[in-house]
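Colleague: okay, sequence plus prediction incoming.
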Amino acid sequence: MKNLVAALVLAGAALFGLTACSAPAAPAVESALSSDAVVIDVRTPGEFASGHLEGAMNIDVQASDFDSRVTALPIDGDYVVYCRSGSRSAAAAARLVELGFASVMDAGAMSAATVSTGLPIVTTR
């Protein structure tokens, strides 16, 4: 019994140590979503047409013209990117940073992005 209690105490201390030393949480998207922020849906045009965040523009991260389309945007703007699951938005956000954009937030999946930004999902069909 003493060994079990000691093991639980050590496990709790280790867990506390891990959480105490963890990196700070990323800022919430909504706190960085200014009224002039540009929301970019990085999915395909077909996915975009089936539902996207209101006011979002569609720039497919997997399209050959992704770099040229995003570099046409003001480099000093505020940008929020999202996709279906968060994978493509992470790649798009990283690419935007590589291209020199300083204010880029990865909102992840559309379901998370609608919650964190407060923007409703609309369709174009």
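Modeller: All right, it came through fine. Numbers count the residues shown, from 1 in each chain.
Colleague: in the chain, which spans are strands?
Modeller: Assigned by DSSP state E, the strands in the chain fall at 38-41, 52-53, 57-58, 78-83, 103-109, 121-122.
Colleague: including mean pLDDT, could the ones you listed go into JSON lines?
Modeller: Below are these laid out as JSON lines (pLDDT from 0 to 100):
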{"stretch": "strand 38-41", "mean pLDDT": "98"}
{"stretch": "strand 52-53", "mean pLDDT": "97"}
{"stretch": "strand 57-58", "mean pLDDT": "98"}
{"stretch": "strand 78-83", "mean pLDDT": "97"}
{"stretch": "strand 103-109", "mean pLDDT": "96"}
{"stretch": "strand 121-122", "mean pLDDT": "96"}
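Colleague: which residues in the protein form helices?
Modeller: Using DSSP state H, the helices assigned to the chain run over residues 2-20, 29-32, 45-50, 66-71, 87-98, 110-117.
Colleague: circling back to that earlier point, deepest of the strands of the chain, which one?
Modeller: Comparing the strands of the chain by mean neighbour count (mean count of other C-beta atoms under 10 Å), strand 78-83 ranks first with a mean of 26. (C-beta placed from N, C-alpha, C; glycine too.)
Colleague: for that one, packing partners?
Modeller: Contact here means 3 or more C-beta pairs under 8 Å, 6 or more residues apart in numbering; DSSP states H and E; on that basis strand 78-83 packs against helix 29-32, strand 38-41, helix 87-98, strand 103-109, helix 110-117.
Colleague: quick one: closest of the ones you listed to Leu73.
Modeller: strand 38-41 (6.7 Å; C-beta to C-beta).
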